[in-house]
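Undergrad: Mind folding the following:
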Amino acid sequence: MSDNTTSAHEGTKEDLVITRIVKASKATVFKLWTECEHLRHWWGPKGFPIVSCNVDLRPEGIFHYSMRGSEGTEMWGKFVYKEIAAPVKLVFVVSFSNPQAGITRHPLSETWPLEVINTLTLTDHGDGTLLTLRGEPINANPEERKTFFDNVASMQQGFKGTLDQLDAYLPQ
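TA: Numbers count the residues shown, from 1 in each chain. Here you go, the predicted structure:
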């Protein structure tokens, strides 16, 4: 990867914006975001590999997954796809989940928003792709919105680690 840029900035008090230049075509990057065979190799925090994965890539379909930490901690999450415009855009609502794909609270925060809408856009950039991910809470009360905004720096670090895993997976 020639430019290992990951950034987050305020935008509005609800915005999270992360950018990264990935050394792959838009079509390849889109596949990496939408197919279990790829997601299981890079999605999620470092040290929490995906152990269960299902993708139903259609509007209102879901990516439902579980991750397991080194101490056996299991966490479930899901995306609900809202808009799919391969290979340039993916809009999805992210939430913590249970094994039945129901929405649950963040395991460590009672004030984390239940749902965060994300817009992933992929743009040609030299010999790679500029990945831009924008996220903001939806259906959230003021305290949940504040919790989200107060944790932008933490989310930036988390996404940096996740996208580092994406970069490491690319040559394969």
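Undergrad: Please make it C-alpha for all contacts and neighbour counts, starting now.
TA: Will do.
Undergrad: Where do the strands of this protein begin and end?
TA: For the chain, the strands defined by DSSP state E cover 16-22, 50-55, 62-68, 74-85, 89-97, 103-104, 115-125, 128-138.
Undergrad: Show me which positions of the helix ranked longest in the chain end up buried.
TA: Longest helix of the chain, by residue count under DSSP state H: helix 152-169. Buried residues in helix 152-169, counting neighbours by 16 or more other CA atoms under 10 Å, are found at 152, 155-156, 159-167.
Undergrad: for the residues you listed, which one is nearest K82?
TA: For K82, the nearest member of the buried residues of helix 152-169 is F159. The distance, counting by CA to CA, is 21.2 Å.
Undergrad: Please report how far the closest one lies from E143.
TA: Separation of F159 from E143 (CA to CA, to the nearest Å): 23 Å.
Undergrad: Also G161?
TA: On the measure of CA to CA, G161 and E143 end up 27 Å apart.
Undergrad: Quick one: low-confidence residue ranges for this protein.
TA: Within the chain, the segments meeting pLDDT under 70 span 1-14.
Undergrad: Span of stretch 82-102 from start to end?
TA: Stretch 82-102 has an end-to-end distance of 17 Å (CA to CA).
Undergrad: Distance from the chain centre to it, please.
TA: Relative to its chain's centre, stretch 82-102 lies at 9 Å (CA atoms, centre = their mean, to the nearest Å).
Undergrad: Give me the residues contacting that stretch.
TA: The contact list for stretch 82-102 (CA atoms under 8 Å, 6 or more residues apart in numbering) reads 26-27, 29-30, 58-60, 64, 66, 75-81, 103-106, 114-123.
Undergrad: Could I get the buried residue list for that stretch?
TA: 82, 84, 87-98, 101.
Undergrad: Equivalent analysis for stretch 101-110, please.
TA: Buried residues in stretch 101-110 (16+ other CA under 10 Å): 101, 103, 105-106.
Undergrad: can you tell me which residues contact I103?
TA: So I103 contacts 95-97, 114 (CA under 8 Å, 6+ apart).
Undergrad: Report the two of those separated the most.
TA: The most widely separated members of the contacts of I103, counting by CA to CA, are S97 and L114 (9.5 Å).
Undergrad: Please enumerate the shared neighbours of those two.
TA: Common neighbours of S97 and L114 (CA under 8 Å, 6+ apart) are 103-105.
Undergrad: Quick one: closest of the strands of the chain to W42.
TA: Going by CA to CA, the one of the strands of the chain nearest W42 is strand 50-55, 8.5 Å.
Undergrad: and the closest residue to F48 other than its chain neighbours, how many neighbours does it have?
TA: Once flanking residues are discounted, F48 sits nearest to G69: 4.5 Å by CA to CA, 6 or more residues apart in numbering. By other CA atoms under 10 Å, 14 other residues sit near G69.
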